[in-house]
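Student: My questions concern the predicted model and sequence given below.
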Amino acid sequence: MQCFRTWRALTLSSRHITVWWSRAWSSAAGPGRLDLRGIYPPIATPFTASEDLDYPKLEENLHKYAQIPFKGLVVQGSNGEYPYLSEEERVEVVKTVRRSLPTDKLLMAGSGCESTRATMKLTERMAAAGADTALVVTPCFFKGRMDSRALIQHFIKVADCSPVPVVLYSVPANTGLELPLDAVVQLSQHPNIIGLKDSGGDITRIGLIVHKTQAQDFQVLAGSAGFLMAAYCVGAVGGVCALANVLGQELCDLERLCVSGCWKEARVLQQRLIEPNTAVTRKLGVPALKQAMEWFGFHGGACRSPLQPLTEAETQQLRRDFSSNGWL
């Protein structure tokens, strides 16, 4: 294992080597495992009126997020509209975030593409751009053929070549497929695959994954704020939550309550987060997330086409979902 870590570190730039070894390698996360515990917002990508990347607005958001006790940021996840960005744009956004992000915060970069070859290439580029770990979504265009055999081969090839640890990403609402349990268990044994972001919301599945991978010190992150408390109850170590772009401090408060065993207070807070979370994820999606960000002092702005802005009726519903729970 030591040889594997040394080889990976030597492939990075000199600046990133320093950061790599200074980050939280924790015995609590297992020998040689990067400690993922905590809350991460999968940050949105601001665009100008002409749909160009708005880097000044992005940097303003980053400065505000620096005041919230996040473990780190997820860049180029689903809420970053990564399918609508070119490869160069995706890499440049990661570079921009790395320059603004405090060195004690982790940067998890989405590097998933449809082909294994493209994913390997982009994962290496994300590491060179400053990512501490790569978040790799399941390829899904030919989802009828994306069985365990195909997905295991895909992720092993990516992890073998990745200069940084890999986190698997299962998001069936977007991809139409769930990373099979047997594939997760087998992949957890790879020395460079350290965890899973599970956005499916099946708590039984999350608990079973934690149980079946505990010998590997495999780390599971809840992929949504709506089931964060439940995920902690069955052994998750944190969450990558769209709602953290808006209510980041509140999500960190929920994490603290869960970790400290204050379940009564955690339950009250969790219940107040369910409706607004549903609104900015499954119900109305990224346009709603960006609108809510505007209400809470962040730069959300427009989405890149073909995503469309909310209708007036949808905006009113979004406001009700937040105001009825005491957030607006």
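Tutor: Received, thanks.
Student: How far away from the center of its chain is the lengthiest helix in the chain?
Tutor: Ordering each helix of the chain by length in residues (DSSP state H) puts helix 263-278 first. Taking Cα atoms, centre = their mean, to the nearest Å, one finds the center of helix 263-278 at 20 Å from the center of the full chain.
Student: what does it rub up against?
Tutor: Residues outside helix 263-278 that contact it (Cβ atoms under 8 Å, 6 or more residues apart in numbering) are 224-226, 228-229, 241-243, 246-247, 250-251, 253-254, 257-258, 292, 321-322, 324-327. For every residue, glycine as well, the C-beta is placed using N, CA and C.
Student: so where's this structure shaky on pLDDT?
Tutor: 1-32 (pLDDT under 70).
Student: which residues in it form helices?
Tutor: Using DSSP H, helices in the chain cover 2-10, 14-22, 55-65, 87-100, 116-129, 148-161, 172-175, 181-187, 203-212, 228-233, 248-259, 263-278, 285-295, 312-323.
Student: What are the buried residues along the shortest one?
Tutor: The reference is to helix 172-175. 172, 175 (16 or more other Cβ atoms under 10 Å).
Student: which helices and strands sit right next to that helix?
Tutor: Helix 172-175 is packed against no helix or strand, with contacts defined by 3 or more Cβ pairs under 8 Å, 6 or more residues apart in numbering; DSSP states H and E.
Student: And the contacts of that helix?
Tutor: Contacts of helix 172-175 (Cβ under 8 Å, 6+ apart): 78, 137-138, 140, 143, 178, 199-200, 281-282.
Student: Quickly name whichever of these is closest to residue 154.
Tutor: residue 138 (8.1 Å; Cβ to Cβ).
Student: which ones are touching that closest one?
Tutor: 112, 146, 151, 168-171, 175, 177, 179.
Student: please redo it, this time with the cut-off set to 6 Å
Tutor: By Cβ atoms under 6 Å, 6 or more residues apart in numbering, residue 138 lies in contact with 175, 179.
Student: Same check on the one 3 residues further on?
Tutor: Counting by Cβ under 6 Å, 6+ apart, residue 141 touches residue 114.
Student: How about residue 314?
Tutor: Counted by Cβ under 6 Å, 6+ apart, residue 314 has contacts residue 284.
Student: try residue 36
Tutor: 195, 219, 237-238.
Student: Which positions within the longest helix of the chain qualify as buried?
Tutor: Buried residues in helix 263-278 (16+ other Cβ under 10 Å): 266, 269-270, 272-278.
Student: Check stretch 250-258 too.
Tutor: Buried, per 16+ other Cβ under 10 Å, within stretch 250-258: 250-255, 257-258.
Student: Same question for stretch 96-113.
Tutor: In stretch 96-113, counting by 16+ other Cβ under 10 Å, buried: 96-98, 100-101, 105-113.
Student: so which of these would you say is closest to residue 187?
Tutor: Closest to residue 187, out of all of the buried residues of stretch 96-113 and judged by Cβ to Cβ, is residue 112, at 14.2 Å.
Student: okay, how far is it across stretch 95-106, tip to tip?
Tutor: Stretch 95-106 stretches 13 Å from its first residue to its last (Cα to Cα, to the nearest Å).
Student: chain center to that stretch: distance?
Tutor: 15 Å.
Student: re earlier: the longest helix of the chain versus helix 248-259: what angle between them?
Tutor: Calculated by axes from the mean of the first three to the mean of the last three Cα atoms, to 10 degrees, helix 263-278 forms an angle of 140 degrees with helix 248-259.
Student: Kindly format the C-alpha coordinates of helix 263-278 as PDB.
Tutor: Taking Å, rounded to 0.1, in the frame of the first residue of the first chain, the C-alpha atoms of helix 263-278 are listed here in PDB:
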ATOM      1  CA  TRP A 263     -30.700  12.600  17.500                       C
ATOM      2  CA  LYS A 264     -33.700  14.500  18.800                       C
ATOM      3  CA  GLU A 265     -32.400  17.800  17.700                       C
ATOM      4  CA  ALA A 266     -31.000  16.300  14.500                       C
ATOM      5  CA  ARG A 267     -34.500  14.900  13.600                       C
ATOM      6  CA  VAL A 268     -36.100  18.300  14.000                       C
ATOM      7  CA  LEU A 269     -33.600  20.000  11.700                       C
ATOM      8  CA  GLN A 270     -33.600  17.100   9.200                       C
ATOM      9  CA  GLN A 271     -37.400  17.300   8.900                       C
ATOM     10  CA  ARG A 272     -37.200  21.100   8.100                       C
ATOM     11  CA  LEU A 273     -34.700  20.400   5.300                       C
ATOM     12  CA  ILE A 274     -36.700  17.700   3.400                       C
ATOM     13  CA  GLU A 275     -39.100  19.900   1.400                       C
ATOM     14  CA  PRO A 276     -36.500  22.600   0.300                       C
ATOM     15  CA  ASN A 277     -34.100  19.800  -0.600                       C
ATOM     16  CA  THR A 278     -36.600  18.000  -2.700                       C
END
